[in-house]
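Peer 1: Provided below are the primary sequence and the corresponding predicted coordinates.
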Amino acid sequence: MPRKIAAGNWKMHGDSASLAEIDALIATHPTPAVEIVICPPATLIHRMVCHIGAHPIAVGGQTCHAAVKGAHTGDIAAPMLAEAGATHVILGHSERRTDHGESDVIICAQARAAFAAGLSVILCVGETEAQYTARQTQAIVAAQLTQSLPQDATPTRLVIAYEPVWAIGTGLVPQNHEIAAVHGAIRGILHERLGAAGAAVPILYGGSVKPENAAMIFGIANVDGALVGGASLSAAAFSPIIHALENA
Ligand code: PGA
C-alpha cells in the first residue's frame, strides 16, 4: 500500500511569522498517522526545519536545478536543499512550467539531481483547461509522466501529484470518476516503469483541495493524499485536510 501524504505547497507565500502555523500544526497533530510535508519558500526552509525539531513534519523545496552547482543566478541546487534540511522537492509544478519554461526534459534532469541528493521527489503532472476540454487529459498526463520520470528513478523516494492546471487556485475540481481515471492510468504507467515497486508510489491529487472536499477526494481509488496550495497556508485549513486523510 502506498504511504498517505498531506503535502503543502506554500508557493511564494510566507515569512517568519508563518512559523506560528507550524506550531499550530504540531500542537494539533502531535503524532500524525500520515506523512505531512510543508514546502515553504526557500528562504524559510532551514528556519522551518530548526523550528520543527524532532516532530515528523517534513520540509521540502519547490524546485531545484539539474546541476549541483554553477553559474545559475537565482537557482538552487538539490544538495543545497538537502543541506538546509529539506527531504523533499516539488518538481514540474505547472507554475514552474509556465513561469520558467520548464519542460519535461528539464524536469527529468532536475529529478535525477534530486534523487542523487537523497531527496524525495513530488513530481507534478496535469493538463491545461484547453487540453481538458479537448479530452486530451490522459494523453498529456501519460506523456508528462513518461518523459519527466528518470529511467533510474528511486521508487521509494518518488511521489506523483496529479494537478489539473484549471483546478489550481480556482475552486474547480474534476469529477470523482475523472480523478479516478487519471490516477488509475498513472498507477498503470508506474507499474510499467517500476514493476512491483510502482504499486507503493503515492499518487496525490492537487487543485483546490479544501476542508470541505478532502474526505470525498480521499475516498477515490488510487488517491493517496493531496498536494495543497492555498489551504495549506493556515493550520486552521490544513489540519482538517490532514484529519480527513488520516480517516480515509
Ligand atoms: P491550490 O494549489 O490548492 O491552491 O489549488 C495547488 C497547487 O498548486 O499545488
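Peer 2: Alright, I've got the coordinates.
Peer 1: If you count contacts, what does the longest helix anywhere in the chain end up packed against?
Peer 2: Longest helix in the chain by number of residues (criterion: DSSP state H): helix 176-194. Under the contact criterion of 3 or more Cβ pairs under 8 Å, 6 or more residues apart in numbering; DSSP states H and E, helix 176-194 touches helix 137-148, strand 158-162, strand 203-206, helix 214-218. For the C-beta atoms, the positions are set from N, CA and C on the backbone; glycine is no exception.
Peer 1: Does it reach the ligand?
Peer 2: No: judged by Cβ under 6 Å from any ligand atom, helix 176-194 and the ligand are separated, with a smallest distance of 13.9 Å.
Peer 1: Also stretch 156-175?
Peer 2: Yes: applying Cβ under 6 Å from any ligand atom, one finds stretch 156-175 touching the ligand at Glu163, Ile168, Gly169.
Peer 1: Restrict that stretch to CA atoms and write it as CSV.
Peer 2: The C-alpha trace of stretch 156-175 is given here as CSV (Å, rounded to 0.1, in the frame of the first residue of the first chain):
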residue,chain,number,x,y,z
THR,A,156,10.9,4.6,-2.6
ARG,A,157,11.5,8.3,-2.9
LEU,A,158,9.0,9.1,-5.6
VAL,A,159,5.6,10.7,-5.2
ILE,A,160,3.4,11.7,-8.1
ALA,A,161,1.0,14.7,-7.9
TYR,A,162,-1.9,14.9,-10.5
GLU,A,163,-2.8,18.6,-10.6
PRO,A,164,-5.2,19.7,-13.4
VAL,A,165,-3.9,23.3,-14.2
TRP,A,166,-7.5,24.5,-14.4
ALA,A,167,-8.2,23.3,-10.9
ILE,A,168,-5.3,25.1,-9.2
GLY,A,169,-6.5,28.1,-7.2
THR,A,170,-9.9,28.2,-9.0
GLY,A,171,-12.2,26.3,-6.7
LEU,A,172,-12.9,23.9,-9.6
VAL,A,173,-12.3,20.2,-9.1
PRO,A,174,-12.7,17.4,-11.6
GLN,A,175,-15.5,14.9,-11.1
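Peer 1: mind checking the backbone torsions on Asn9?
Peer 2: phi -110, psi 100 (degrees, to the nearest 10).
Peer 1: do the same with the one 10 residues further on
Peer 2: Backbone torsions of Leu19, given as degrees, to the nearest 10, read phi -60, psi -20.
Peer 1: With adjacent residues omitted, what lies nearest to it?
Peer 2: Leaving aside its chain neighbours, Leu19 sits nearest to His51 (5.1 Å; criterion: Cβ to Cβ, 6 or more residues apart in numbering).
Peer 1: which ones are touching that neighbour?
Peer 2: Leu19, Ile22, Asp23 (Cβ atoms under 8 Å, 6 or more residues apart in numbering).
Peer 1: The ligand: which of those residues is nearest?
Peer 2: Ile22 (18.3 Å; Cβ to the nearest ligand atom).
Peer 1: check contacts around that closest one.
Peer 2: Ile22 neighbours (Cβ under 8 Å, 6+ apart): Ile38, Met48, His51, Ile52, Ile57, Ala235.
Peer 1: Ok, Ala185 next?
Peer 2: Per Cβ under 8 Å, 6+ apart, neighbours of Ala185: Gln138, Val141, Ala142.
Peer 1: Kindly provide the distance from it to Ala196.
Peer 2: With distances taken as Cβ to Cβ, to the nearest Å, Ala185 is found 18 Å from Ala196.
Peer 1: coming back round to it: between the residues of stretch 156-175 next to the ligand, identify the one with the most neighbours.
Peer 2: Neighbour counts for the residues of stretch 156-175 next to the ligand, by other Cβ atoms under 10 Å, peak at Glu163, which reaches 26 neighbours.
Peer 1: That one contacts Ser94, correct?
Peer 2: Yes: with contacts counted by Cβ atoms under 8 Å, Glu163 reaches Ser94, the gap being 6.4 Å.
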